[in-house]
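Undergrad: A structural model of the following input is requested.
(one chain, ligands or ions: 1)
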Amino acid sequence: MKILVINSGSSSIKYELFDMDQRRALSSGLAEKIGEPSSILTHQYLTARGDKKKIVEKAEITNHYQGLQRSVDLLMDPRHGVIGHRSEIAAVGHRVVHGGEFFQASTRIDDRVMAAIRQCIALAPLHNPANLMGIEVACKIFPKAAQVAVFDTAFHQSLPNYAYLYAIPVELYEKHKIRRYGFHGTSHAFVAEAAAAFLSRPLTQLNLITIHLGNGASMCAVRGGKSVDTSMGLTPLAGLPMGTRCGDIDPSILLILADRVNMSFGDLDKMLNKKSGLLGLCGVNDMREVIRKKQAGDKQAKIALEVYTYQVKKYIGAYCACLGHVDALVFTAGIGENSPVVRELCCRNLQALGIEIDDEKNHDSADGIRQISSRNSKVKVLVIPTNEELRIAQETQRVIGG
Ligand code: AMP
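TA: As a prediction, the model looks like this:
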């Protein structure tokens, strides 16, 4: 069975085609700068011999329909395609950022589901409209394929109310659904399942702390396979400091800046989402750059790395308290998978919580899942590459009963 996964952004469409029988990706690509003259379509595919090839097309893509259509043409192109006809694609799995309280799980898309995703636009004004656009064009291009929505928020719908309610007037929750939702659900769920398989233990019997450190960053306390707390909130701005996002701050900062510095709503939005995090602290948002600058003696980069890893460490402590007993910590995503320096700083001096990293294992850059905790560590520390697209494909297959 072949499943196409689509992640539609406001000016981009990311796609990946999976052969579920062989459990491998046949092709992936990105149409970006849609609506601009300088649009780019990057298409990667596996040849019959199993080699990876890439082609880049530079020509204007006027809208999302055209973007997906061109991508599908490439998937079927006899020179560098991987399927003969679009009817080979049994289902399309869509990443949808916000499912509000409507969706506890992935679901087949129909008019009611579309209406509910539309209702969640107020909670994710930047993401849900773009996700809807992706669904609409996929329905046109693949009218016979099943369409499935996989939500970033669904995994966290198991949070207890004391973890998701903010201590603000309760009418704001009742009338406007202001609460913690959490994000990166597909990633946290994927690595939690992978951890259970790696440890040869049933997921239902494990307590895990999953730590997704990429451009965005979030953590999750997972009890028996269910999310019981997570660091992101109503939006993906809360929790850990990120590349350009601030994470948790005192909400009064906004009141003070609006009042004393006369910053507008737009200024504040830009400052919190685009100019904060690592970038705000040391001028660069890529962790590799931060580490390079710190090693070259840059004081701001040093403090940025300390702020970043200190917050991760605080959340590890908080989630140990929340779970009571922890079987494993799991590091994942760009920084979590690739940076021994960050992992070491996040876990330093946590022996009292039963967490100890083995320096040599931590610096081993082998591919795949690996255990980096020391022999004495009561809590296993794992590095697990995430694969959100594969998880969306698996969820899509599950929903259509494949
Ligand atoms: P992601 O959003 O999961 O793709 O993660 C992207 C981020 O991973 C980039 O912004 C980099 O900061 C970070 N990253 C990738 N490789 C490394 C590395 N070797 N060391 C530190 N950070 C890395």
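Undergrad: now T230: phi and psi?
TA: According to degrees, to the nearest 10, the main-chain angles of T230 amount to phi -150, psi 160.
Undergrad: relative to A189, how far out is the closest residue to the ligand within the stretch 201-350 of the chain?
TA: When distances are taken as Cβ to the nearest ligand atom, the stretch 201-350 of the chain reaches nearest to the ligand at G334, 2.1 Å away. Bear in mind the C-beta positions are built from the backbone N, C-alpha and C, glycine included. Here the criterion is Cβ to Cβ, to the nearest Å. By it, G334 lies 18 Å from A189.
Undergrad: okay, these two: which has more neighbours?
TA: Set G334 next to A189 and count neighbours by other Cβ atoms under 10 Å: A189 wins out with 26 against 18.
Undergrad: that one belongs to a helix?
TA: Yes. According to DSSP: H, G, I helix; E, B strand; the rest coil, A189 belongs to a helix.
Undergrad: my read is that it contacts H156, right?
TA: No. Here A189 does not reach H156: they are 9.6 Å apart, not a contact under Cβ atoms under 8 Å.
Undergrad: overlap in contacts of the two?
TA: S227 (Cβ atoms under 8 Å, 6 or more residues apart in numbering).
Undergrad: over to the residue of the stretch 201-350 of the chain closest to the ligand: give its phi and psi.
TA: Dihedral angles for G334 - degrees, to the nearest 10 - are phi -40, psi -50.
Undergrad: hang on, it packs against A217?
TA: No. G334 lies out of contact with A217 (Cβ under 8 Å); the separation is 9.7 Å.
Undergrad: about what we covered before: let me see the confidence value for the residue of the stretch 201-350 of the chain closest to the ligand.
TA: The model reports G334 with a pLDDT of 96.
Undergrad: pull the contacting residues for the residue lying closest to it once chain neighbours are set aside.
TA: Distances taken as Cβ to Cβ, 6 or more residues apart in numbering put G214 closest to G334, at 4.4 Å, once the chain neighbours are dropped. Neighbouring residues of G214 by Cβ under 8 Å, 6+ apart: A333, G334, I335, G336.
Undergrad: same list (these) but as CSV, adding secondary structure.
TA: Below are the contacts of G214 laid out as CSV (three-state DSSP):
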residue, secondary structure
A333, helix
G334, helix
I335, helix
G336, helix
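Undergrad: near the ligand, which residues of the protein?
TA: Contacts of the chain with the ligand, taken as Cβ under 6 Å from any ligand atom, map to G214, N215, G243, D286, M287, R288, A333, G334, I335, N338, S339.
Undergrad: can you map out the strands along the stretch 251-400 of the chain?
TA: 328-332, 370-371, 380-383 (DSSP state E, counting those that start in this stretch).
Undergrad: which residue does the stretch 51-200 of the chain have closest to the ligand?
TA: S187 (8.6 Å).
Undergrad: touching, that residue and T332? I think so.
TA: Yes. Contact status for S187 versus T332: in contact at 6.4 Å, counting by Cβ under 8 Å.
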